[in-house]
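Colleague: Coordinates for the following, if possible.
(2 chains)
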Protein chains: 2
Amino acid sequence: MAEEPAPISFARGAPSLDIIDVEGLKAAADRAFTNDPAGSFAYGTSVGYKPLRAWIAERHGVAEEQVLVTNGSMQADAFLFDTLVQPGDTVVVERPSYDRTLLSLKGRDADLQAVPLAEDGVDVEAMAALLAGGTKVSLAHLIPNFQNPAGYSLSGQKRRALVALAREYEFTIFEDDPYVELRFSGERQPTMLSLSTTGEVVYASSFSKTVCPGIRVGYLVGPAEVIATIAKLATGTYISPNMVAQSIVNEFVRGGSFDTSIATVKTALAERAERLCAGLREHIPDAQFVEPEGGYFLWVTLPENVDGDALFAAAAERGVQIVKGSDFLLDDAKNAIRLAYSGVTPAQIDEGVRRLAEAYRSL
Amino acid sequence: MAEEPAPISFARGAPSLDIIDVEGLKAAADRAFTNDPAGSFAYGTSVGYKPLRAWIAERHGVAEEQVLVTNGSMQADAFLFDTLVQPGDTVVVERPSYDRTLLSLKGRDADLQAVPLAEDGVDVEAMAALLAGGTKVSLAHLIPNFQNPAGYSLSGQKRRALVALAREYEFTIFEDDPYVELRFSGERQPTMLSLSTTGEVVYASSFSKTVCPGIRVGYLVGPAEVIATIAKLATGTYISPNMVAQSIVNEFVRGGSFDTSIATVKTALAERAERLCAGLREHIPDAQFVEPEGGYFLWVTLPENVDGDALFAAAAERGVQIVKGSDFLLDDAKNAIRLAYSGVTPAQIDEGVRRLAEAYRSL
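Modeller: The predicted structure is shown next:
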């Protein structure tokens, strides 16, 4: 029997261990446990570890009462949806969008309206038309930077237009921004949170991509009254989030490891993205994609007659994991796949693309 | 103006910092991050950090598939209630019982049936009568050891009787057991989980009382199919619980710090409980209570005409925090209070009881 090829995963949006600052984390834990054992080891409150909350508030230029630190940003999403989304509410999502968010909203019986995503972000004209047509939108979920799964980012102009729409039609923008720090080219745009002056935006981010995912620290920034409501819900759910983890993150971000860690991650991601794009151009000339300026993901569109589900299976037979584009869509389109380059080394990328091309030719 | 007296809290069921093994936690973190950086820092799966899950399974003599490790045991409760309790379902609770559990069940619109708690645990005859009378019970929430708030424990005989009732009437026992390791006198009884052979029991516990609360690691043990359902819910809620925290706990419990830590905690709790009981006997002879054999709490019953809410206020004026008994009840009885001795030193206990007696006399 032939030997199984070593598995290569373009599936999981997670960093490889070599770009996690293990020594920095060890040192941060030691400082956290030495400098603040009471704060690290006792029950905290549901708003999170106070010094980290203060750091986040300062970074976003908001009051501390506007910040709630959670066990990862998915948990933050869940709290926000529990608070703002009732069954039957209309929620705008991007097309494509993050599969777990779509599942979470579907599980709450929201009426999902998928608005197409362009290279410079969600189609604002389509959204304006939807709103002008009388659809009462409660929430718009937008991933503004290096979107999952598309890798696209929202332009500054569109950010302003969206905040204006939210104000006019009185809906909340959920600015879901875990990848913001991972820009390796192009120009950083202001957050919609910072562009909004009248509380239309609730912002979420995470330390999963800048410190590490296993630490499960995410956060929300929003109007103080929304945060207070969610803090009550959080108390009832888990009393307090993980103080040990948040106290480690606090020392990590304040101790200088943060910038070094982000620089390491960005350098690696830039190299991996470039390598993946070059490989695809060479081996799968049919593949269409936008070269990413940051983040983890490449959205690859194939000719219309190509079945992404079949490509998924053919790739898996060759030990290559990808995610079907259809997982990120609410309709039946099948000719796209998502490739994550965050967890693979350049050598794995080369070999993975070679095998993926073989799978593609086999269809 | 008179100086405010230093605050003394008999309110919070949490350990004081002096009985948390800070050095053991530092060493455990260092080992965890050195021995398994990939497992500690990457996304995990929703069942928890696998080596810790295996340790828990072995300790309870169950298959790993029966264990799910969560962000604290309140989160475990929430998942279990989301899975097993529908609006209108009848849930048996003890009278008195943990206020947060009562709130969580009320929030799910459960029909709560409070069954009196005796010194040897819940009144099994009253429960049998309820069931025989035709009430269809979905779930019975029981805290078998050093109950919160009463401090009482369930006898071995009653444990067997309850498992038999659950089998006969086909309801689930939720055995909520965070204090089990904190016995400083009397004899340990088998868990209902271990007495059940046909899946009537879901068991929850936590490392909050044996390692530290800020680490937020709790767990569920139950039938594999219930655990699998909850694992799916957990994936959708937060992808994975805190791997950093669970990997630290894993090293802590496997590295020998666990037994030492529990011994330290038990010695301190025994001394504090004894001191509190002695102080009450001397200064508030009206106070009735059962000397605890473990855990954090003393339930103090006062003469029927005493208003626990007024005592709460009078104590607070003297810098002493207590919890009103009425918080743990679904009815209007007011002549009880809960005193937690876990977070106060012997000297604070002496002074706290002196002030509490003064407050009592002032009523």
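
Colleague: those helices in the stretch 51-200 of chain A, which residues are they?
Modeller: Ranges of helices within the stretch 51-200 of chain A are A:73-84, A:99-107, A:124-132, A:156-169, A:192-195, based on DSSP state H, counting those that start in this stretch.

Colleague: Check whether the following helix or strand past the last one comes near chain B.
Modeller: The one in question is helix A:192-195. The element immediately downstream of helix A:192-195 (helix or strand, assigned by DSSP states H and E) is strand A:201-206. No - counting by C-beta under 8 Å from any C-beta of the partner chain, chain B is not contacted by strand A:201-206; separation bottoms out at 10.7 Å. C-betas here are computed from N, CA, C, even on glycine.

Colleague: helices or strands up against strand A:201-206?
Modeller: Judged by 3 or more C-beta pairs under 8 Å, 6 or more residues apart in numbering or on different chains; DSSP states H and E, the packing partners of strand A:201-206 are helix A:73-84, strand A:172-176, helix A:192-195, strand A:218-221.

Colleague: any chance of these in JSON lines, with mean neighbour count, mean pLDDT and distance to A:Ser155 too?
Modeller: Below are the helices and strands packed on strand A:201-206 laid out as JSON lines (neighbours: other C-beta atoms under 10 Å in any protein chain shown; pLDDT from 0 to 100; distance: least, C-beta to C-beta, whole Å):
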{"stretch": "helix A:73-84", "mean neighbour count": "22", "mean pLDDT": "96", "distance to A:Ser155": "23"}
{"stretch": "strand A:172-176", "mean neighbour count": "26", "mean pLDDT": "98", "distance to A:Ser155": "14"}
{"stretch": "helix A:192-195", "mean neighbour count": "21", "mean pLDDT": "98", "distance to A:Ser155": "12"}
{"stretch": "strand A:218-221", "mean neighbour count": "26", "mean pLDDT": "98", "distance to A:Ser155": "22"}
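
Colleague: Identify whichever of the ones you listed lies nearest to B:Leu142.
Modeller: helix A:73-84 (28.0 Å; C-beta to C-beta).

Colleague: before we move on, the earlier item: which one of the helices and strands packed on strand A:201-206 lies closest to chain B?
Modeller: Chain B lies closest to helix A:73-84 among these, at 4.4 Å (C-beta to the nearest C-beta).

Colleague: Dump that closest one to PDB, restricted to CA.
Modeller: Taking Å, rounded to 0.1, in the frame of the first residue of the first chain, the C-alpha atoms of helix A:73-84 are listed here in PDB:
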ATOM      1  CA  SER A  73     -14.500  36.900  20.700                       C
ATOM      2  CA  MET A  74     -16.900  34.200  19.600                       C
ATOM      3  CA  GLN A  75     -18.300  34.400  23.200                       C
ATOM      4  CA  ALA A  76     -18.500  38.100  22.700                       C
ATOM      5  CA  ASP A  77     -20.500  37.600  19.600                       C
ATOM      6  CA  ALA A  78     -22.800  35.200  21.300                       C
ATOM      7  CA  PHE A  79     -23.500  37.700  24.100                       C
ATOM      8  CA  LEU A  80     -24.100  40.500  21.600                       C
ATOM      9  CA  PHE A  81     -26.500  38.400  19.500                       C
ATOM     10  CA  ASP A  82     -28.300  37.300  22.700                       C
ATOM     11  CA  THR A  83     -28.700  41.000  23.600                       C
ATOM     12  CA  LEU A  84     -29.500  42.600  20.200                       C
END
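
Colleague: on that earlier part again, would TSV of the helices and strands packed on strand A:201-206 with distance to B:Ser206 be doable?
Modeller: Shown next, in TSV, are these (distance: least, C-beta to C-beta, whole Å):
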stretch	distance to B:Ser206
helix A:73-84	18
strand A:172-176	31
helix A:192-195	36
strand A:218-221	23
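
Colleague: ok, now which ones touch the closest residue to A:Thr70 other than its chain neighbours?
Modeller: Once flanking residues are discounted, A:Thr70 sits nearest to A:Ala76: 4.3 Å by C-beta to C-beta, 6 or more residues apart in numbering or on different chains. Counting by C-beta atoms under 8 Å, 6 or more residues apart in numbering or on different chains, A:Ala76 touches A:Leu68, A:Thr70, A:Ala204, A:Gly218, A:Tyr219, A:Leu220.

Colleague: The fourth one against A:Ala78, yeah?
Modeller: Translated: A:Gly218. No - using C-beta atoms under 8 Å, A:Gly218 is not in contact with A:Ala78; the gap is 10.7 Å.

Colleague: Chain neighbours aside, what residue packs nearest to the residue of the stretch 1-150 of chain A found nearest chain B?
Modeller: Residue nearest to chain B within the stretch 1-150 of chain A (C-beta to the nearest C-beta): A:Phe41, separated by 3.9 Å. Residue nearest to A:Phe41 in three dimensions, not counting chain neighbours: B:Cys212, with 3.9 Å by C-beta to C-beta, 6+ apart.

Colleague: Assess the claim that that neighbour and B:Pro15 are in contact.
Modeller: Yes - B:Cys212 is in contact with B:Pro15 according to C-beta under 8 Å; the separation is 7.2 Å.

Colleague: Which one's more surrounded, these two?
Modeller: It is B:Cys212, of B:Cys212 and B:Pro15, that has more neighbours when counted by other C-beta atoms under 10 Å in any protein chain shown, with 30 against 24.

Colleague: List the residues that contact that one.
Modeller: Listed by C-beta under 8 Å, 6+ apart, the contact set of B:Cys212 reads A:Phe41, A:Ala42, A:Val244, B:Pro15, B:Ile20, B:Leu25.

Colleague: Contact partners for the first one?
Modeller: Remark: with contacts taken as C-beta under 8 Å, 6+ apart, A:Phe41 is in contact with A:Phe33, A:Met243, A:Val244, B:Leu17, B:Ile20, B:Val22, B:Leu25, B:Cys212, B:Pro213, B:Gly214, B:Ile215.
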